[in-house]
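1. A structural model of the following input is requested.
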Amino acid sequence: MLISPPAAVEYIRFLPEIILSIFGTLLMVLNPLIRKHGSSIFGNISILGLVAALLGAIYADGQVGQAFSRMIVNDDFANFFRVLVIAIGIVIVLGSYEFLSRERADTGEFHSLILFSVAGQCIMVSSNDLILIFIGLEISSIATYILAGYLRDDRRANEAAIKYFLLGSFATAFFLYGISLIYGTTGSTNLTDIHVFLSSPSRPLLLVGVSAALMLVGLTFKVSGAPFQVWAPDVYQGAPSPVSAFLSAGPKAAAFAVFLRIFLTAFPSISHQWWPVIWISALLSMTIGNFAALTQSNIKRMLAYSSIAHAGYVLVAITAHSDIGAAAAMFYLAAYACMNVGAFIVVSHIAGKGEKHVGISDFKGLGVRQPITAALLTIFLLSLVGVPLTGGFFGKFYIFQAALQSNMIWLTVLGLLNSAVAAYYYLRIIGAMYMQEAVASTPVPQPLPRSTRFALLLPALGTIILGVFPSAVLDFAIKSANFLK
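-> Numbering: from 1, shown residues only. Prediction:
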């Protein structure tokens, strides 16, 4: 059987990934040719590639359909997450200028890895085939393993990279074994075909349940959900702060997109088997993350445990296994990306050379010493708490509303109690900035560079816009969730 070559429209539906791959390769070629330390040309090229990919994603949104033998699906759901992960990449690159210049580590390798990781995430969110999802997952993961250990002379970064690589490879093996089982059971790796097969009354429930459980293990690791969350605190603490910001938002958003695509497209007919497991994981993630964060004095480690708790909130929406739940998860991931990336960029700025100042005590008196930075961090922290008029508030509101509509009353109550616990450790940082005086050993932060200002202003605006005008994003998320059927 002859296979016809792809049509031009199929390349358009895959345009963001093509652009990101071209610019990532270009940066690798230019890296040995441009050796001047502190040069911003790599970051500028990276920004140019990401903006071009963002425009490509917007343009591709008008060409809804499948491509490359139904392996790629270009729909509103895919483009929502494409725009999200690319926007995260833009903010991360802007926020890394100061860090890379300070550490004298500005090379094309860093930016190339960011672009390849974002390309892998775009492949993940637009895939309609388990094999292609796995390929995208590995492209993104391998790049982030290297990014975690980017500062090769830093023992903390080396330890973080090794732990992330070993545990990540172990989790990936579970995911791949789950793919092999579902292929052996259904004869296909296409999500639509799997859904059709599982809708028949003669489906082999045991093998399908085992394969879903194995894939669930791999994806739960990627989103740092309990009980596979142990890697996150060590990796976030040891990795460079811009990389920690990237790990907490981009790969996590892409992994949740795969979570939604697989379990709401391929496995809805066996939801009675997988939703109780995700129910338990959601509760454990919220509880472990919030209570562990209470005792942390290192702000990067605290934000790592916080990210585990926020993964639990998104898992609550997935447990609802409804269109409203999927839309709530999408909205929350957009809001979470804004507030968490912004918080990590502030931490990167305050940490100083060698990231020696990452304790909560190092933020004492920041409201007096650098009021704009303190105000921006306050916006991000209040959104993480879930204060009204911030994106975090409406994100949690929609998630718990979806849970109530699915009659998950106990999970909603426990989630709200966890949110109350979380308020303590976020407000502790705000209290240190505005209600405590800096001691003599507290470092004086440098003025905010222009690139860092933009990197903080963009997520701050996103946080406020999502809190004041949430309907625009939520309506698109609801429309996008319909494509999962």
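
2. can you give me the neighbour number for residue 146?
-> Residue 146: 18 surrounding residues under other Cβ atoms under 10 Å. Quick note: C-beta positions are derived from backbone N, CA and C, even for glycine.

3. repeat that for the one 3 residues further on.
-> A count of neighbours around residue 149, defined by other Cβ under 10 Å, yields 22.

4. which phi and psi does it have?
-> Here is the backbone geometry of residue 149 (degrees, to the nearest 10): phi -110, psi 30.

5. nearest spatial neighbour of it, skipping sequence neighbours?
-> Take residue 149 and drop its neighbours on the chain: the residue closest to it by Cβ to Cβ, 6 or more residues apart in numbering is residue 161, 2.8 Å away.

6. so the one you found makes contact with residue 146?
-> Yes - under the criterion of Cβ atoms under 8 Å, residue 161 makes contact with residue 146 at 7.2 Å.

7. ok, which stretches of the stretch 1-150 of the chain are strands?
-> Taking DSSP state E, counting those that start in this stretch as the criterion, the stretch 1-150 of the chain carries its strands at 65-67, 72-74.

8. can you flag the weakest of the ones you listed by average pLDDT?
-> For the strands of the stretch 1-150 of the chain, mean pLDDT drops lowest on strand 65-67, to a mean of 86.

9. how about that one: buried residues?
-> By neighbour count with 16 or more other Cβ atoms under 10 Å, strand 65-67 contains the buried residues residue 67.

10. element containing residue 445?
-> Assigned by DSSP states H and E, residue 445 belongs to neither a helix nor a strand.

11. thought residue 367 was touching it, still the case?
-> No - counting by Cβ under 8 Å, residue 445 sits too far from residue 367 to count as a contact (11.9 Å).

12. hmm, who's touching the least confident helix or strand in the chain by mean pLDDT?
-> Lowest by mean pLDDT, DSSP states H and E among the helices and strands of the chain is strand 65-67, with a mean of 86. By Cβ atoms under 8 Å, 6 or more residues apart in numbering, the residues outside strand 65-67 that reach it are 6, 9-11, 13-14, 72-74, 128.

13. can we see that at 6 Å?
-> 10, 13-14, 73-74 (Cβ atoms under 6 Å, 6 or more residues apart in numbering).

14. which of these tops the neighbour count?
-> Neighbour-wise, the contacts of strand 65-67 (other Cβ under 10 Å) top out at residue 74, 27 neighbours.

15. now do the contacts for that residue.
-> Here residue 74 is in contact with 13, 60, 64-65 (Cβ under 6 Å, 6+ apart).

16. circling back to that earlier point, and the residue nearest to residue 149, what helix or strand is that in?
-> helix 155-186.

17. same for that helix, what does it pack against?
-> Helix 155-186 sits against helix 130-148, helix 205-222, helix 231-238, with contacts defined as 3 or more Cβ pairs under 6 Å, 6 or more residues apart in numbering; DSSP states H and E.

18. can I get the contacts of residue 74 in JSON lines with distance to residue 358?
-> What follows is those, written out as JSON lines (distance: Cβ to Cβ, whole Å):
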{"residue": "13", "distance to residue 358": "43"}
{"residue": "60", "distance to residue 358": "40"}
{"residue": "64", "distance to residue 358": "45"}
{"residue": "65", "distance to residue 358": "47"}
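
19. tally of neighbours for the closest residue to residue 218 other than its chain neighbours?
-> Among residues not flanking residue 218 along the chain, residue 175 sits closest, at 2.7 Å (Cβ to Cβ, 6+ apart). Neighbourhood size, residue 175 [other Cβ under 10 Å]: 23.
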